[in-house]
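Enquirer: coordinates only, sequence not included:
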C-alpha cells in the first residue's frame, strides 16, 4: 500500500472526484473536480476508473513524497513538474520510486492542476463522493502540510501504453465559451445581450469553486423586481443587481435569487476552471 | 394551473409555476410518477423552490424535449399544502424556549402559549430546501401567520433551533448565521451526511412538532 506525504500543499489542495450529483434537492451541490476533463484524463493515464479521487491543486507550489512506489499523472494546468529534480512531461504517466519527491511549480498556463495517483486516493467518502465541497464544508478537509494521503490498491487495468498523449495546455489568451440561453434571458435589455456577446470580459479576483465573477460592462435589466430563489446548474451566469455576471460552478449554492441570463455549455466548463484572474473571456452562441 | 418551461442548459429544465401551491402539487405529481416508475428514465432529480421546480436530467438517456412533454402533460391538482409524500409525518420534539418566542407572539398579537399551540397543531410539509444543506422550508395549511425576519440577523444560530420567517417554518440543521425568529429547539438530528437519508427535512416530507419540557 503506498502513500503520499504532503510536504507543501500550495495555495489550496483539495481531494476531488466526479462529485455527488442528484442531491441538490437536499441543498447539496454536486461539487467534484472543476476541470472534469483533466480529472478523467489524469485517471485514464494511470489506468484508474475515470472518477477515482485525485488532488486538485490551485496555482501549484506543491510538494509531496511517495511512500511506496507508484504511478502518477499531472494534467490540467501547465507548469514545471519535477520528480527528484528530473523534469516530467505533463499529461503523461510517470513512475515514482519509494521516497521520490514530486514538485509541482506555479502554473504558467491555466490555474488548476489535477494530480492522479494510480489506485486513487483512499479517503472516506461522504454522500457517495470524496470531493471537498468548499461551500457546504462536506468531504475531506483541504490538504494540510504533513498530511499523509493513503493510496488505494492498484486497479486491474494496466497503465495504458501511449507514445504521445493529446496534450492541450490551457490557452494564455482570451478563451471563447459557448452559451445556451438562460431561464431569465428575458429579464435583460437587448443592449445587455449584445454586450454579453460582444464584450471581452475579464476574470476578476473573485473566482473560486463557487463562482467566477467577470469584469465588464454592466448588464442592465429591463425587468425590475425580486426573483424568488430558483434552482441553478453549473455554468449558470447569474447577474447581480449591479449588473456584474458570475459563472456559478461546482460548489455553488443550489438555488439563487439573481436572474440567470445564460448558461455556459458543459463542453466549455472545463475551460472556466482554468481561467486566471485578468484573463480574457468571450462568449458565443452554442 | 399554468406552467412555464424555461431553458436551463443541456441537462435541466426550469418549470415556473404561478405560486407555491402549484409547485407543491406539481412536485407531488412528478415525484409520485418517478417513484412508481411511470415517469421517464433519465430524470436525475427534482429541485423545488418557492415558485419553480428544476428538473435535472441525463441528456444521454433522455432528450430534453421528451422531459418537457412529460412535465407539460402530467396532471396535478393544487390541493392541500400538507399533502406531500404519502407516509406518516415525522415527529420533531421541541422545547419551546426560543429567545424570540415572546417577541414573535407579540408581533402576531397572540400569546406565546397560543403560538406554540398553533405550531404543534399544524401539520407541516417540506416545500423545498434552501439556504444550507438540509434546511427545509416548511409550510402548512394550518399556519395563518407571516413573521418578519429579524432586522439584524444573528451571526450564529445553533443547530436544532426551531424558527419562523415569512410564511415558513424551519429548523437550523447546522450552526450558521441566520435571520429567522427562534421559538424553540430540538435534539432531533436534522442533517447527517453519514446516513443514506442525510436530510430529515427532504422535500415532500410531512412534519409534526411536539412540545416537550425545557431541559
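Expert: Cool, the structure landed. Quick caveat: nothing in here was measured; it's all calculated off a predicted structure. Residues are numbered from 1 along each chain as shown, chains lettered A, B, ... in the order given.
Enquirer: Taking chain B, what residue is nearest to chain A?
Expert: residue B:54 (2.8 Å; C-beta to the nearest C-beta). From N, CA and C alone the C-beta is placed, and that goes for glycine too.
Enquirer: residues contacting the one residue in the stretch 51-200 of chain A that gets nearest to chain B?
Expert: Using C-beta to the nearest C-beta, residue A:183 is the residue of the stretch 51-200 of chain A that sits closest to chain B, at 3.7 Å. The neighbours of residue A:183, taking C-beta atoms under 8 Å, 6 or more residues apart in numbering or on different chains as the test, are A:230, A:259-260, B:6-8, B:14, B:16.
Enquirer: Chain B contacts on the stretch 101-250 of chain A?
Expert: A:126-127, A:136, A:138, A:180-185, A:228-233, A:235-236 (C-beta under 8 Å from any C-beta of the partner chain).
Enquirer: so which helix or strand takes in the residue of chain B closest to chain A?
Expert: Using DSSP states H and E, residue B:54 falls within strand B:52-57.
Enquirer: Walking through the stretch 151-286 of chain A, point out its helices one by one.
Expert: With helices called from DSSP state H, counting those that start in this stretch, the stretch 151-286 of chain A shows them at A:190-198, A:266-273.
Enquirer: Over to residue B:23. Which of the three states is it?
Expert: Three-state call for residue B:23 (DSSP: H, G, I helix; E, B strand; the rest coil): helix.
Enquirer: Identify the residues contacting it.
Expert: So residue B:23 contacts B:17, B:48-53, B:127-128 (C-beta under 8 Å, 6+ apart).
Enquirer: Check it and give its pLDDT.
Expert: Looking at residue B:23, its pLDDT stands at 95.
Enquirer: same question, residue A:67
Expert: On the pLDDT scale, residue A:67 is placed at 97.
Enquirer: For beta bridges, what are the partners of it?
Expert: In this entry, residue A:67 is beta-bridged to residue A:3, by DSSP bridges.
Enquirer: Now do the buried residues in stretch B:173-185.
Expert: Using 16 or more other C-beta atoms under 10 Å in any protein chain shown as the burial criterion, the residues of stretch B:173-185 that qualify are B:173-174, B:176, B:178, B:180-185.
Enquirer: re the thing from before, which of the helices of the stretch 151-286 of chain A is buried the deepest?
Expert: Counting by mean count of other C-beta atoms under 10 Å in any protein chain shown, helix A:266-273 has the highest mean neighbour count of the helices of the stretch 151-286 of chain A, with a mean of 20.
Enquirer: Is that helix in proximity to chain B?
Expert: Yes - legend: contact between helix A:266-273 and chain B by C-beta under 8 Å from any C-beta is shown at residue A:266.
Enquirer: Name the residues that touch that helix?
Expert: By C-beta under 8 Å, 6+ apart, the residues outside helix A:266-273 that reach it are A:33-38, A:76, A:111-112, A:170, A:175, A:177-178, A:212, A:234-235, A:247, A:249, A:264, B:9-11.
Enquirer: same thing with stretch B:153-168?
Expert: Counting by C-beta under 8 Å, 6+ apart, the neighbours of stretch B:153-168 from elsewhere in the structure are B:92, B:94, B:96, B:98, B:104, B:127, B:137-139, B:143, B:145-149, B:169-188, B:190-191, B:209.
Enquirer: Quick check: strands, which of those residues are part of them?
Expert: Using DSSP state E, B:92, B:94, B:127, B:137-139, B:169-171, B:176-178, B:181-185, B:209 are the members of those that sit in strands.
Enquirer: picking that back up, tell me the one of the contacts of residue B:23 nearest residue A:219?
Expert: For the contacts of residue B:23, the closest approach to residue A:219 (C-beta to C-beta) belongs to residue B:52, at 21.5 Å.
Enquirer: my guess is that closest one meets residue B:15, correct?
Expert: Yes - in this structure, residue B:52 sits in contact with residue B:15. The criterion is C-beta atoms under 8 Å, and the distance is 6.1 Å.
Enquirer: Show me what residue of the stretch 101-250 of chain A gets nearest to chain B.
Expert: When scored by C-beta to the nearest C-beta, the stretch 101-250 of chain A has residue A:231 as its residue closest to chain B, at 2.8 Å.
Enquirer: For that residue, list each beta-bridge partner.
Expert: Bridge pairing for residue A:231 (DSSP bridges) gives the partners residue A:255.
Enquirer: Residue A:7: what's it in contact with?
Expert: Remark: with contacts taken as C-beta under 8 Å, 6+ apart, residue A:7 is in contact with A:63-65, A:101, A:145-146.
Enquirer: I meant residue B:29, not that one.
Expert: The neighbours of residue B:29, taking C-beta under 8 Å, 6+ apart as the test, are B:74-76.
Enquirer: who wins for most neighbours among those?
Expert: Per-residue neighbour counts (other C-beta atoms under 10 Å in any protein chain shown) across those peak at residue B:76, which has 20 neighbours.
Enquirer: Would you agree that one is in contact with residue B:24?
Expert: No - between residue B:76 and residue B:24 there is no contact under C-beta under 8 Å: 9.1 Å.
Enquirer: now the end-to-end length of stretch A:117-124.
Expert: Start and end residues of stretch A:117-124 are separated by 16 Å (C-alpha to C-alpha, to the nearest Å).
Enquirer: for that stretch, the distance to its chain's centre please.
Expert: The chain centroid and the centroid of stretch A:117-124 are separated by 18 Å, computed with C-alpha atoms, centre = their mean, to the nearest Å.
Enquirer: picking up where we left off before, and the helices of the stretch 151-286 of chain A as a markdown table, adding mean pLDDT?
Expert: As requested, the helices of the stretch 151-286 of chain A are arranged in a markdown table below (pLDDT from 0 to 100):
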| stretch | mean pLDDT |
| --- | --- |
| helix A:190-198 | 98 |
| helix A:266-273 | 97 |
